[in-house]
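# Let me see the structure of the following:
(one chain, ligands or ions: 1)
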Amino acid sequence: MQLKVLLRVPARNFHIFYGKSVASVNNMLNEGQNDVQTQTHEHKLKMSGWQIHNYGDFDELLFSDRLKMPQIKQSNECLVKVHATSINPIDVAMLGGYGAAVLKVLRCQPSVIEFPLTLGREFCGTLIQNGMSVNNFKLPVGQRVWGVVPVQNTQGAHAEYVCVPDYCVGMVPESLTNTEAASVLYAGLTAWSGIYLTAQLGGVCGALTADGGGANKRVLVLGGSGAVGSLAIQILRAQGSQVLATCSENAMELVQNLGADCVIDYRNPSKMATLRNFAPYDLVLDCSGQGTEAAEALDFKYDQYVTFSSPLLKNIDSSGVGLGLLKNFANILEANVKSLTNRKGLIKYGFFIPAPQGIELLKQLVERKKLLPLIDSCYKFNELPEAFKRVKAGHLRGKVVVSLD
Ligand SMILES: NC(=O)c1ccc[n+]([C@@H]2O[C@H](COP(=O)([O-])OP(=O)(O)OC[C@H]3O[C@@H](n4cnc5c(N)ncnc54)[C@H](OP(=O)(O)O)[C@@H]3O)[C@@H](O)[C@H]2O)c1
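Predicted coordinates:
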């Protein structure tokens, strides 16, 4: 019990509490003994950040500089001071209540109210404190790190400090600025997991290690101009895949510069028809939010169609866990029956997965200058609701980031 208290205070304050029981430490804090140290400790327990207390619109995002600072509760956790973060479509959706039912189950607290909820799924920051079992050589305190926040965490990265498990954190590639670093991992790990976990483009090795893979495979990326699509193109090109991509006409030059071998304006039906000439595809990766319906519109053969737009959370929100899962199974079964009877390929859902081997591959690609972050726009911390509005407005060309520095 005494150890637990010691773990939660900054290292330089250990001497104040060493050898005291939990009750006596609490008394010390409550009764104002050791005034200087107590003030320092209390000051450190407060931080600024954005929270929501209800699901709804942008006006639910409330700023406070009196938020409770997150604390290390598990031995594998890291406490990070956030320098920059980003807004993802899932933050906007979660603000509206998306996924609330599933996330409560994932948090193992179906009956507990999740508010106040801090959104924000990724960050770049300085590592402040490690739990007992974190490898201090791999993740040295005081160093600049990047990381992601598991979706079930109620305390996300739209705050001055965030606490996450060590497998979600890595050392930042030195060449990246804080805002650039905060733009890569959530979308990058989504692209990585779609390519290497769901589609298995690199086989077992590609899924379990940072080796990647997919040389000479032909991949069509739908939505090459967004956060996930722009990173998927760069990951695949670095592995020697042949990449075709779709986007709006005004993004074609940008997507070409990302390395796509062929770029098609998705609003131009005759150009879209030429995609047939390159079939069959090893993989069609839907990064455009179209879902399984878009697979029906494709009149050519592919081995696999992976979409990141699964109705899973929506089905569970509307129908509960049991029926929602059943609906989702029925959705994917129906899509596969249609696809396979039309002699096309398998349809699968892809998801963001916080995998350390994916983080490592992304780091290596940045260091080898094979992956450049694409930033749509950058906002100050006090402008965070504006950043949410930008993401909701859509037509993004890369990532919307928020700087706390
Ligand atoms: N399942 C998961 O775990 C997970 C994780 C991350 C993201 N996602 C989902 O994956 C999708 C992509 O995420 P993101 O962060 O990359 O979103 P994003 O930055 O908004 O990118 C979407 C891009 O697709 C383009 N687009 C829209 N309609 C298109 C179409 N019919 N054909 C081709 N391009 C089209 C958009 O530009 P224009 O509209 O200007 O053409 C935009 O550049 C979103 O639906 C998101 O919700 C899922």
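
# per the record, what domains does this protein have?
Following the assignment in the TED database, the chain carries domains at 47-183+373-403, 187-349.

# Tabulate those (CSV), appending distance to the ligand.
Glycine gets a C-beta too; all of them are placed from N, C-alpha and C. Listed next are the domains of the chain as CSV, based on distance: least, Cβ to the nearest ligand atom, whole Å:
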stretch, distance to the ligand
domain 47-183+373-403, 3
domain 187-349, 2
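
# Take those domains and write them to a markdown table, including mean pLDDT, mean neighbour count and distance to residue 358.
Output for those, formatted as a markdown table (pLDDT from 0 to 100; neighbours: other Cβ atoms under 10 Å; distance: least, Cβ to Cβ, whole Å):
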| stretch | mean pLDDT | mean neighbour count | distance to residue 358 |
| --- | --- | --- | --- |
| domain 47-183+373-403 | 95 | 19 | 10 |
| domain 187-349 | 95 | 20 | 4 |
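
# Output those domains in a markdown table; the columns should cover distance to residue 367.
Conversion of the domains of the chain to a markdown table gives the following (distance: least, Cβ to Cβ, whole Å):
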| stretch | distance to residue 367 |
| --- | --- |
| domain 47-183+373-403 | 5 |
| domain 187-349 | 11 |
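
# tell me which element the residue nearest to the spatial centre of the chain falls in.
By Cα atoms, centre = their mean, the chain has its centre lying nearest to residue 186, at 2.6 Å. Following DSSP states H and E, one finds residue 186 within helix 185-192.

# List the contacts of residue 99.
Listed by Cβ atoms under 8 Å, 6 or more residues apart in numbering, the contact partners of residue 99 are 90, 93, 151, 313, 316-317.

# what residues does the next helix or strand after the helix holding residue 186 touch?
Next helix or strand after helix 185-192 toward the C-terminus (DSSP H and E): helix 203-208. Helix 203-208 has contacts (Cβ under 8 Å, 6+ apart) with 195-197, 200, 211-214, 357.

# which of those residues are the two that sit furthest away from each other?
Spatial extent of the contacts of helix 203-208 (Cβ to Cβ) is set by the pair 214 and 357 at 14.9 Å.

# Now do the end-to-end distance for stretch 104-115.
One end of stretch 104-115 to the other measures 11 Å (Cα to Cα, to the nearest Å).

# ok, and what's touching it?
Against stretch 104-115 from outside (Cβ under 8 Å, 6+ apart): 51-54, 100, 103, 151-152, 154, 321.

# quick one: stretch 316-331 to chain centroid distance?
Relative to its chain's centre, stretch 316-331 lies at 24 Å (Cα atoms, centre = their mean, to the nearest Å).

# Residues touching that stretch, excluding its own?
Outside of stretch 316-331, the residues within contact range by Cβ under 8 Å, 6+ apart are 97-102, 105, 292, 310-312, 315.

# Tabulate the residues you listed (CSV), appending secondary structure and distance to residue 280.
Shown next, in CSV, are these (DSSP: H, G, I helix; E, B strand; the rest coil; distance: Cβ to Cβ, whole Å):
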residue, secondary structure, distance to residue 280
97, coil, 41
98, coil, 35
99, coil, 35
100, helix, 40
101, helix, 39
102, helix, 35
105, helix, 39
292, coil, 19
310, coil, 24
311, coil, 27
312, helix, 28
315, helix, 31
